[in-house]
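Asks: build me a model from this:
(one chain, ligands or ions: 2)
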Amino acid sequence: MVQVKKSKPLAVCNVCGAFSNEYQDVNHRCTKALYGRRCSGAFRSSLGLSWDQCIACAATGKVGSETCVECSGWGWHLMG
Ligand SMILES: [Zn+2]
Ligand SMILES: [Zn+2]
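Replies: Ligands and ions are numbered 1, 2, ... in the order given. Below you'll find the model as predicted:
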């Protein structure tokens, strides 16, 4: 089975670094919880950010039939 490369996440939280693939999340409050409290960050468009494809899964988000643990299945890491 050929794995298809994932597209880069659309949005990144400016506080916790969470990724989102929802257009509606851009410029909206982050939905993640950190230490039991809702993250105070907001999702920012990932356009213009530099991405590295995950080496472990070659940006497919999968290693074999498992979700890649290196990138949590996103297939991409933010550079820096
Ligand atoms: Zn966040
Ligand atoms: Zn990966």
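
Asks: ok, and the helix or strand in the chain with the lowest average confidence?
Replies: Lowest by mean pLDDT, DSSP states H and E among the helices and strands of the chain is strand 33-34, with a mean of 83.

Asks: which helices and strands sit right next to it?
Replies: Of the remaining helices and strands, none touches strand 33-34 by 3 or more Cβ pairs under 8 Å, 6 or more residues apart in numbering; DSSP states H and E. All C-beta atoms are positioned from the backbone trio N, CA, C, and that covers glycine.

Asks: list the strands paired with that strand, with their directions.
Replies: Sheet pairing of strand 33-34 (DSSP bridges) gives strand 37-38 (antiparallel).

Asks: contacting residues around the helix or strand that the strand it pairs with is followed by?
Replies: Past strand 37-38, further along toward the C-terminus, the next helix or strand under DSSP states H and E is strand 43-45. By Cβ atoms under 8 Å, 6 or more residues apart in numbering, the surrounding residues in contact with strand 43-45 are 10-14, 18, 20, 25-30.

Asks: please identify which pair of those residues lies farthest apart.
Replies: Leu10 and Arg29 (15.7 Å; Cβ to Cβ).
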